[in-house]
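# sequence and predicted structure below; questions after.
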Amino acid sequence: MNPLLLTTPHRRWNPLLGEWVLVSPHRTQRPWQGQTEDAAKPSVPEYDPACYLCPGNPRAGGEQTPKYTGTYVFTNDYAALKPDAESMVEEDGDHLLHAETERGVCRVICFSPRHDLTLATMDVPAIRSVVDLWAQQEAELAAHPGIQYVQIFENRGAMMGASNPHPHGQIWATEHVPNEPATELRTQGEYYASHKEQLLLAYLRKELAASERVVAQNATWVALVPYWAVWPFETLVLPRDPVANLRDLNEAQREGLADILKTLTAGYNRVFDAPFPYSMGFHPAPADGVEYPEWQLHAHFYPPLLRSATVRKFMVGFELLGSPQRDITPESAAETLRKAIQHPE
C-alpha cells in the first residue's frame, strides 16, 4: 500500500456501490468538543418482567410471548410492510411524481430467551442456532408469493435505534429489491460479465494477500475492514467459497459463520471496553427465483463509535451533501480490531 494513503487526504473507490469515499487521516488529531454519549455499562438482568421479548411476557401489541427456550420468531406487531396492502399506483406521466404499493412481511427474531445476552456474549452453539433460523426464515420467505428480497438485520444498542435491549434482530421481506442490494446486483453483474468471477471473491483474494485489513478468519469465513469503509470500525464478513444465500450454506459454513460472529462482536466490545453498538445485516441474492452466479453472500457491520465509547461518528454536512468521509484509515481501524480480537486481556 502507498504510505501516503496513511497521511494524505485522498478518496477511495467502492466498487460494490460504485461511489467514492473521502479519507482524511490527518484529521484524527483534531480536538473534539461535540456531543458525547453515556459510557456507563448498564446492569441487565437475565429476565426482565417489563420486557415484551422475554419469555412469557405480554408484547406491546397485546400478543403473549410464549415461554420459549431457544430462538423465537414472530411477525412484527408494528410491521413496516403488510402482505395484503391494497394495490395503488400514482404516476404523473413523466416519472417525477411516482408512488406504488410495496407489500411484504416483517418478522422479529429473538436470539435467546435470556435478556442479558448479545451475540458477543452468547456461546458459539447458541449463535449457530440463530444462523440456522436465519437460513430457515430466508428459505421460507424467499418462497413466499410476491417476495423478491429477504433482508435480515440487527440494530444493536440504543445508539443505533434499538427499542429493546433483549437480543434480537429483524427480517423484512420485500416485494422489490431495495436500493442497496439493487446497486450491488448491478455492480457485481458488471464485474462478473467482464472478469468471469465474483467481484467479492476477487476482492477477498487481494485482501488475504495483503492481510493489513483482515481482522479475523477461520476455515470458511473472513472478517475485514473494507478498503472503502465509511464507518470508523466498519467490517465486511465474507465466505471464502462461492455461495449466494444463507439457506445455501453447508454445515461447515454455518458453524464457521457462528464462530466468526462471536469473534467479531466480542472483539468489538473490547475496543473501548464497552458494549459496541452497530447495525449489521446480510446481503443475499434476490429471492425472485433467478440464479445469480455473480452474487456472493456477505454481511455488513456498521458501528458508529469513533474515538471512544462516548464519541460517535455523525453523517452530516459534507457526508450528506457531497460524499461519505472518514478520518481513521481502514488500516488503522483494522489494526485496532485485530488487537482487540487477538489479545482479549
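Perfect, thanks for sending it.
# what strand or helix carries residue 22?
Per DSSP states H and E, residue 22 falls inside strand 19-23.
# apart from its neighbours in sequence, what residue is nearest the residue nearest the centre of the chain?
The chain has residue 280 as the residue nearest its centroid, 1.9 Å off, counting by CA atoms, centre = their mean. In this structure, residue 280 finds its nearest non-sequential neighbour in residue 301, 4.5 Å apart by CB to CB, 6 or more residues apart in numbering. Where C-beta positions appear, they are placed from N, C-alpha and C, glycine not excepted.
# so which strand or helix has that neighbour?
With DSSP H and E as the test, residue 301 turns up in strand 298-302.
# tell me the contacts of residue 7?
Residues in contact with residue 7 (CB atoms under 8 Å, 6 or more residues apart in numbering) are 25, 26.
# packing partners for the strand holding residue 301?
Where contact means 3 or more CB pairs under 8 Å, 6 or more residues apart in numbering; DSSP states H and E, strand 298-302 is packed against strand 235-239, strand 278-283.
# would you map the strands across the stretch 101-250 of the chain?
Using DSSP state E, counting those that start in this stretch, the strands of the stretch 101-250 of the chain run over residues 104-110, 149-156, 168-174, 214-217, 221-224, 235-239.
# need the residues that contact the fourth one.
To tie it back to what came earlier, the one meant is strand 214-217. For strand 214-217, using CB under 8 Å, 6+ apart, the contacting residues are 207-208, 222-225, 235, 260, 263-264, 267, 334, 337-338, 341.
# now swap in the first one and tell me
Taking contacts as CB under 8 Å, 6+ apart, the residues outside strand 104-110 that touch it are 53, 68, 71-76, 79-83, 130, 133-134, 137, 141, 144, 147, 166-175.
# likewise the second one?
The list of residues contacting strand 149-156 from outside it, by CB under 8 Å, 6+ apart, reads 118-119, 134, 137-138, 141-142, 161-162, 168-174, 176-178, 181, 246, 276-282, 284, 286-287.
# name only those of those that count as buried.
118-119, 134, 137-138, 141-142, 162, 168-174, 176-177, 181, 246, 276-282, 284, 286-287 (16 or more other CB atoms under 10 Å).
# report how many residues lie close to the nearest residue to residue 191 once chain neighbours are set aside.
Nearest residue to residue 191 in three dimensions, chain neighbours excluded: residue 199, at 3.9 Å (CB to CB, 6+ apart). Close neighbours of residue 199, defined as other CB atoms under 10 Å, add up to 21.
# ok, back up a step: the contacts of strand 104-110 in helices, which ones?
130, 133, 134, 137, 141 (DSSP state H).
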